[in-house]
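Enquirer: Show me how the following folds:
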Amino acid sequence: MVRLYALLFLLSCSVNSFAQPLKVCTNEWPPYTLLEDGQVRGIDADLLHLVLTNLNISYDITLEPWRRCLRKMSDGKLDILLDAFYSDERAKGMIFPNEAMADSAMVLFHARARPHLINSVDDLTGLRVGTEPGYAYSNQAFAKGTHFVREDAPTLDANIGKLLLGRIDLVITDRAVGLYTAKTMGAENAIAYSPQPLYSDRVYAAFSKRPAVAALVPRFENELRRLKSSPEYAAILRRYHQEVPAQTAEQTDARAD
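Expert: Modelled structure (predicted):
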């Protein structure tokens, strides 16, 4: 009986602690997150909205520089860090659900005028690769390699600009993000990418370890998993001109029959 009362008390505390909306932070990473008509939209922002709405959880989301989002999470001023790559260091201070928001193919873009077809990290010898500050590049051969230069720029737009000017040789980023950004810059015909991804990764909605927030993770990952095979998710992907995974498309078509 004592244990039952203790459990009810903890549940009550958890409910009461969400009288205020969850604080969510991410950076602009189109098509996953972007600013549209003053609202944070994009594949993962829209998907997060569906999950939290279905769980009856209110939230506020802001687009800020990635390092500022990381600092807010570290300082305990944030509940969810959206579109975070996993790293052992990050896992010390946040919870990564078992279900990811999206799979990410990390590719190397080059200027069409100066092509570099790269199949592995070994092919980067002597080259300068544009990276972004605060990002966790999970391929250790890339993150720690000394036979090439990793050079930060504040944004992907800046990196693509440097690429076109010949100040760097390559830019590493998610394939969909790179293509979307190049199109918005009017540079889609001036750049290309190596078809072989340098590596694949996953991006997550990472949660604060505060008990009230951590208690949401099992419900969140279950609802996220369910939605990723739903017609709603297929519609989100199509809205941002992305391919619908075969399994999602099949389940969507089956429900329509």
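Enquirer: now the helices for the stretch 51-200 of the chain?
Expert: 66-74, 88-91, 140-144, 156-165, 175-185 (DSSP state H, counting those that start in this stretch).
Enquirer: Tabulate these in TSV, adding columns for mean pLDDT, mean neighbour count and distance to Met101.
Expert: C-beta: built from backbone N, CA, C; applies to glycine. What follows is the helices of the stretch 51-200 of the chain, written out as TSV (pLDDT from 0 to 100; neighbours: other CB atoms under 10 Å; distance: least, CB to CB, whole Å):
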stretch	mean pLDDT	mean neighbour count	distance to Met101
helix 66-74	96	18	15
helix 88-91	95	12	15
helix 140-144	95	14	22
helix 156-165	97	19	18
helix 175-185	93	19	13
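Enquirer: quick one: which of those is nearest Thr26?
Expert: Among those, the nearest to Thr26 by CB to CB is helix 66-74 (6.4 Å).
Enquirer: Now do the closest one: distance to the chain's middle.
Expert: Mean C-alpha position of helix 66-74 versus that of the full chain (CA atoms, centre = their mean, to the nearest Å) differs by 14 Å.
Enquirer: other SSEs contacting it?
Expert: strand 22-26, strand 80-85 (3 or more CB pairs under 8 Å, 6 or more residues apart in numbering; DSSP states H and E).
Enquirer: Of all those, which one is nearest Cys69?
Expert: strand 22-26 (3.9 Å).
Enquirer: I'd like to know which elements that closest one is packed against.
Expert: Identification of packing neighbours for strand 22-26 by 3+ CB pairs under 8 Å, 6+ apart yields helix 43-54, strand 59-63, helix 66-74, strand 80-85.
Enquirer: re the thing from before, could you dump the helices of the stretch 51-200 of the chain into JSON lines and include distance to Val217?
Expert: Below are these laid out as JSON lines (distance: least, CB to CB, whole Å):
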{"stretch": "helix 66-74", "distance to Val217": "15"}
{"stretch": "helix 88-91", "distance to Val217": "13"}
{"stretch": "helix 140-144", "distance to Val217": "27"}
{"stretch": "helix 156-165", "distance to Val217": "29"}
{"stretch": "helix 175-185", "distance to Val217": "26"}
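Enquirer: looking at these, which is closest to Gly38?
Expert: helix 175-185 (17.2 Å).
Enquirer: quick check: angle from the closest one to helix 156-165?
Expert: Relative orientation of helix 175-185 and helix 156-165, computed by axes from the mean of the first three to the mean of the last three CA atoms, to 10 degrees: 70 degrees.
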